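Asker: Make a model of this:
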Amino acid sequence: MMIPENIGESEYTLRQSIPFDMNEELTALSIGDFTHPLSDEEIRYNIYSLLRSHEDIDQDDIRVECINGVVILTGLVDNEDMSQLCTRLCEFVPGVKEVVNGLDY
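Answerer: Residues are numbered from 1 along each chain as shown. Predicted coordinates for the structure are as follows:
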């Protein structure tokens with residue numbers, strides 16, 4: 001597989017790991033910039049929106065906290081795969097620096 005010349009290998013790998021149907025959801029999220037970074041509340045809202053848009057995740061049982069860009073997930077999901085999926089989705093949200101997964105299954 002050939003990597004497009006205009007992006008680096010790590011960015012290409014990151015783009016390829018996003019599920020195809022998530023690309024549209026990710027572009028609909030609020031994005032900050034260096035002069036106006038997203039607040040923790042905006043990051044938290046974006047995560048809830050992204051989790052809500054995924055049909056396999058029951059976000060009613062998930063609590064999201066965000067402190068200085070560090071996301072803390074707590075609550076209950078069906079299994080380990082769902083727990084990892086939640087973490088992975090959060091990592092793609094602009095402004096997220098780290099995800100601490102405290103989800104039970």
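Asker: Please count neighbours and contacts with C-alpha atoms only from this point.
Answerer: Will do.
Asker: For Gly95, give its distance to Ile72.
Answerer: Going from Gly95 to Ile72 by C-alpha to C-alpha, to the nearest Å gives 14 Å.
Asker: Point out where this protein drops to low pLDDT.
Answerer: Low-confidence segments of the chain (pLDDT under 70): 1-35.
Asker: quick one, helices of it?
Answerer: For the chain, the helices defined by DSSP state H occupy 9-17, 22-27, 40-53, 80-91.
Asker: So what angle separates the directions of the longest one and helix 80-91?
Answerer: The directions of helix 40-53 and helix 80-91 differ by 140 degrees, with axes from the mean of the first three to the mean of the last three C-alpha atoms, to 10 degrees as the criterion.
Asker: From the contact counts, what lies against helix 40-53?
Answerer: Using 3 or more C-alpha pairs under 8 Å, 6 or more residues apart in numbering; DSSP states H and E as the contact test, the elements touching helix 40-53 are helix 22-27, strand 62-67, helix 80-91.
Asker: Could you rerun that using 7 Å?
Answerer: Judged by 3 or more C-alpha pairs under 7 Å, 6 or more residues apart in numbering; DSSP states H and E, the packing partners of helix 40-53 are strand 62-67.
Asker: Packing partners of the strand it packs on?
Answerer: When contacts are defined as 3+ C-alpha pairs under 7 Å, 6+ apart, strand 62-67 sits against helix 40-53, strand 70-76.
Asker: Take these and write them to TSV, including mean neighbour count and distance to Val99.
Answerer: Below are the helices and strands packed on strand 62-67 laid out as TSV (neighbours: other C-alpha atoms under 10 Å; distance: least, C-alpha to C-alpha, whole Å):
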stretch	mean neighbour count	distance to Val99
helix 40-53	19	11
strand 70-76	19	5
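Asker: Which stretch among these approaches Leu85 most closely?
Answerer: Of all the helices and strands packed on strand 62-67, the one in closest proximity to Leu85, counting by C-alpha to C-alpha, is helix 40-53 (9.6 Å).
Asker: With just CA atoms, put that closest one into PDB.
Answerer: C-alpha atoms of helix 40-53 as PDB (Å, rounded to 0.1, in the frame of the first residue of the first chain):
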ATOM      1  CA  ASP A  40     -13.200  20.600  28.600                       C
ATOM      2  CA  GLU A  41     -16.900  21.000  28.300                       C
ATOM      3  CA  GLU A  42     -16.700  21.200  24.500                       C
ATOM      4  CA  ILE A  43     -14.500  18.100  24.400                       C
ATOM      5  CA  ARG A  44     -16.900  16.300  26.700                       C
ATOM      6  CA  TYR A  45     -19.900  17.300  24.500                       C
ATOM      7  CA  ASN A  46     -18.000  16.100  21.400                       C
ATOM      8  CA  ILE A  47     -17.300  12.800  23.000                       C
ATOM      9  CA  TYR A  48     -20.900  12.300  24.000                       C
ATOM     10  CA  SER A  49     -22.000  13.200  20.400                       C
ATOM     11  CA  LEU A  50     -19.600  10.700  18.900                       C
ATOM     12  CA  LEU A  51     -20.600   7.900  21.300                       C
ATOM     13  CA  ARG A  52     -24.200   8.600  20.700                       C
ATOM     14  CA  SER A  53     -23.700   8.300  16.900                       C
END
